[in-house]
Structure formats: C-alpha cells, structure tokens
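Peer 1: Pasting the sequence and the predicted coordinates here, then a few questions.
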Protein chains: 2
Amino acid sequence: MPSRTPRIPRDVNKEATKRRILEVALAMFQSKGFRQTTMRDIAGAAGIALGTTYNYFPTKEHLALYFFEEALARVLARHRRECPREAALEEKIFSLISLEIEEVEPYQEFLNVMVIQATVPTSPLHPFSLDTQSLKNRHLEYVAGLLADAAGRGELPALGFESMLLSAFWVYHMGIVLFWLNDGSPNKSDTWALLDKSLRFTLNALRQGGRLEEPSEQAV
Amino acid sequence: MPSRTPRIPRDVNKEATKRRILEVALAMFQSKGFRQTTMRDIAGAAGIALGTTYNYFPTKEHLALYFFEEALARVLARHRRECPREAALEEKIFSLISLEIEEVEPYQEFLNVMVIQATVPTSPLHPFSLDTQSLKNRHLEYVAGLLADAAGRGELPALGFESMLLSAFWVYHMGIVLFWLNDGSPNKSDTWALLDKSLRFTLNALRQGGRLEEPSEQAV
DNA sequence: CTTGTTCCGTGAACATGTTCATCTTTTGAG
DNA sequence: CTCAAAAGATGAACATGTTCACGGAACAAG
C-alpha cells in the first residue's frame, strides 16, 4: 500500500477551503442572520478550527464583504444583460437600483446590521476602508459609463459638473438604500414612488439646463 | 454623633449617577474613541461597578445615543437662534446641515462607527429602532416647519408632494452626512461644494414648477 | 529518503459587551 | 427603633470576536 495520504497540493486545498468557508458563512448569514452566526459556527460547519478562519478572512465583517462583492457582480451583469441600451437614462438608473435592491432583498435582516458598515467607505482610520473603496469604485465606474453614454447620445446636455454628479449619485444611492431598509410601507411602495419621482425630477431638471446659480425670474 | 451616613434620597442619587455616567462616557468617547472606550472604563471612571452601568443604559449604543440627543438639541437651538427668519430656504437648509456637521465634527472618529447605526432607524427587529425613530422625527418636524414657512411666504409653490419631499430630505441629509464622513478633500471642501450646488439645483428646480412628469420639449 | 524551511491549522487564551444570582442599602409600616 | 420588602449595586460568569504560540504538514535541496 503506497502513499496513504494522497498529497493534495497546498494551493488547491486553500482555494477549496476558502470557498467552503464563504459558502457556509453566507448560507448561515441567510438562515440565522449575521449576528446570530458565530465564527465558531462557521468554522464548525466548514470543518476547520476556529483560528483557521482567520487565515482566510481577517474579520467577520470581511467575510460579509464578500457577500456584497458577489451581489454587486450579479447586479452589474444582470443590468448589462437585461437593461436595453436604448432605454432612457432614468430607466437605466431606476433599473440599476432596483436590481440592487432585488439581489439584496432576501438578506434584509443581515443588511440592517451590515450594509452600512460594509458599503459606506468610512474614514481612512477604519480598517475596512480600502476594501470597500474598490466596491464603491466599481459601482461608480459603471454609473459613469451610463452617464457618458447618455451624454454621447445627446440625452443629457454637457453640464460641466459631471464628476460632482457622480458624487451626488453616490449620496443619492446610499440614501435610497437606507430609506428602503427603513421603509415600513406595504411592499416598500414608498421607496419605489420616491425613487421614481426623484429620478424624474432630477433628470428633467438636468435636461432643462441643470442650472446651479440663481433662479430665473419666471419662478412663481 | 447622629446619622453617620447622610442618607441621600435614592432618586437624587440615581439622577446624579446617570448624569455622571453620561459625562464620563461622552468624555471618553471623545478622547479615546467609541470602540476603545470599554464599559469597564466607563464604570471605573464613574466610580461604580460594571453591572451598575446596565441599570441605567441597556447597551453601550444607547449610551452613545444620548450623544446624538444632545447634539440635535444643540443644533436645533442654534439654528433657531442664529439663522435669520427671512433667509432663503436653501440658506436655512445649508445652515442646518452645516450646524449639524459642526456640532458633530470633533467626534468624527466616533461617528464613523456609530452615526449610522444610531441615526439610521434600521428595522423593527433592531432593539434600537424606537429610540432612534424619535430622534429622526424631531429632526424632520423641524425641517417640515422650514418648508411650511417657505411655502407660506410664497418662496415655494404649492407642489402637492410635500410629504415625499420630507422623505427625500431625509435621504438627502443622510447621504450628505455619509459623504462628509468619507470626504478626503482638504477641509472637506467637496462636501461643501456638493451641498451648496445640490441645494441650489434642487430648490431652483422646485421653484420652476417641480415637474415630476415628462420633460418639456425645450430640453437640449 | 533526510532535513531545514516555510506555510498552515489548531485551540487555548484574551478582551469586552452583557446577564444574573447574590448581597447591600433604602424605605416605610408597625 | 425594628424589620421585612423593595430597589439597587455588585462582580463573577458567560458569549463571542480575535490573537498567538505551538506543532505538524508540504516543499525543495541534497
């Protein structure tokens, strides 16, 4: 009887372990919630020792961050696939935020505890900052693409404050998600109404010149 | 020698203890940061046992909530005092958000960890929800007053979606605070620029009719 | 195969928010 | 004043995220 232990290369095993931890963790976050899921639970379910988990993910929150990585990837992929190129800009943005909320919907309880810390980049002091920064950037790059596309097709006038618009989008987007999380109306209908109206309002205003200075005199 | 112990009535002592815990805690949150301040530290500095703290505040976060209670009270008081009644609506709102940020500025590190959980109402599941709800409401009531005042003076046309405007304000306000927390520009100048321009833009648009439906044809 | 090195897994130990059985103080009735 | 009940204070104990010193497995060189 030759080699009793099959000698699996280290790299393969590591990758497999990492995936296993992730799968187990996400499943438990779903079923039991983030707070209720213990690092000991995760390690146990993944068949490894407690400390080993920390060889793969520096904190419990980082483990959760992967959730958002995957969710964002799915959202962008779906948006590219499902949202017709010739749709109006407000439709594209509405659809982007909707998809996002949809992907994230089943994890609402988990989000209530996590999203914010995970999505809001926070200060440079926060050890989390760099990791979330890249998430945010990937998101904003996509939105910048949508805006550039709309501008290229004459759907938006040249405004001269495009980068600020992107900042504003981030602010807006975070606000909507927070609102949604806290929306107690049936089917979260308030969120959809707010999203719809605020998008129309903003884009109409932008199309009409996006004036940032004094109001014209024709105002009531 | 009569009563060796002066027998201070319980109520008085309790109130004093509560205040002492609060003062000590806020001071330490400032100097060492929220995370670095231990419940044991607080109890020690307040001269009581660890468990006693929990007779006064159910969680460490509730202790922090008082910070916001006080900050909001100061902000509203200052705004009522400092902001002239006849100022334009955008100035009033700008000033309100500025004051808020100013009051909260020294605690930025603390905020990075806390604000969100403390200010975002989160789900009904969250034990924190009710307590933060009242904070939010007090804030929004004040803003509603500003809007009503502006409408009464003809500064804003009757729009027909005032309550949605209040929701939008909440979204906007949270977004700005998040942006500010994450703003790496010198003196946070990006935040001020964004705040200024977005307010002008929005209010100009509202004054010009606050159209929510299809854009007019005169758009470029 | 042998061996030194590097890498990884392990679980005990630690830090800290929170709970709870127990003890102490206050209170008010007799 | 006396004393039983009520209210409050206490710190040991618990739960859980995180660290770390240790040991063993994988690997490369001889």
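Peer 2: All right, it came through fine. Numbering: from 1, shown residues only, chains lettered A, B, ... in the order given.
Peer 1: Mind checking if the one helix or strand A:Val171 maps to is in reach of chain B?
Peer 2: Taking DSSP states H and E as the criterion, A:Val171 maps to helix A:162-181. Yes: using CB under 8 Å from any CB of the partner chain, we find that helix A:162-181 touches chain B at A:164, A:167-168, A:170-176, A:178-179, A:181. Glycine gets a C-beta too; all of them are placed from N, C-alpha and C.
Peer 1: If we only consider those residues, which is nearest to B:Ala205?
Peer 2: A:Ala168 (13.2 Å; CB to CB).
Peer 1: quick one: the residue nearest to the spatial centre of chain A from A:His139, how far?
Peer 2: Nearest residue to the geometric centre of chain A (CA atoms, centre = their mean): A:Leu72, 4.9 Å. A:Leu72 is 6 Å from A:His139, where distance means CB to CB, to the nearest Å.
Peer 1: Poorly predicted segments of chain A, please.
Peer 2: Residue ranges of chain A with pLDDT under 70: A:1-12, A:106-132, A:209-220.
Peer 1: Please, where are all the helices along chain A?
Peer 2: A:10-32, A:39-46, A:50-56, A:60-82, A:89-104, A:108-119, A:129-152, A:162-181, A:189-207 (DSSP state H).
Peer 1: now those helices in TSV, with distance to B:Ala205?
Peer 2: Output for those, formatted as TSV (distance: least, CB to CB, whole Å):
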stretch	distance to B:Ala205
helix A:10-32	41
helix A:39-46	49
helix A:50-56	49
helix A:60-82	27
helix A:89-104	14
helix A:108-119	28
helix A:129-152	18
helix A:162-181	13
helix A:189-207	4
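Peer 1: DNA strand C: which of those helices is closest?
Peer 2: helix A:50-56 (1.7 Å; CB to the nearest atom of the strand).
Peer 1: next one: the closest one to chain centre, how far?
Peer 2: Per CA atoms, centre = their mean, to the nearest Å, the displacement of helix A:50-56 from the mean C-alpha position of its chain is 26 Å.
Peer 1: Which strands and helices lie in contact with it?
Peer 2: On a contact count with 3 or more CB pairs under 8 Å, 6 or more residues apart in numbering or on different chains; DSSP states H and E, helix A:50-56 meets helix A:10-32, helix A:39-46.
Peer 1: Now do the buried residues in that helix.
Peer 2: A:53, A:56 (16 or more other CB atoms under 10 Å in any protein chain shown).
Peer 1: So that helix, near DNA strand D or not?
Peer 2: Yes: taking CB under 7 Å from any atom of the strand as the criterion, helix A:50-56 and DNA strand D are in contact, through A:50-51, A:54.
Peer 1: Now render those as CSV, adding distance to A:Val104.
Peer 2: Listed next are those as CSV, based on distance: CB to CB, whole Å:
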residue, distance to A:Val104
A:Leu50, 29
A:Gly51, 31
A:Tyr54, 27
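Peer 1: Run a quick neighbour tally on the nearest residue to A:Val171 once chain neighbours are set aside.
Peer 2: Computed as CB to CB, 6 or more residues apart in numbering or on different chains, the closest residue to A:Val171 that is not its neighbour in sequence is B:Gly175, at 3.3 Å. For B:Gly175, the number of neighbouring residues by other CB atoms under 10 Å in any protein chain shown comes to 25.
Peer 1: Quick check: A:Arg40 touching A:Leu50?
Peer 2: Yes: between A:Arg40 and A:Leu50 there is a contact under CB atoms under 8 Å: 5.7 Å.
Peer 1: Next, A:Glu86: phi, psi?
Peer 2: Here is the backbone geometry of A:Glu86 (degrees, to the nearest 10): phi -90, psi 10.
Peer 1: how about it, what does it touch?
Peer 2: Residues counted as contacts of A:Glu86 (CB atoms under 8 Å, 6 or more residues apart in numbering or on different chains): none.
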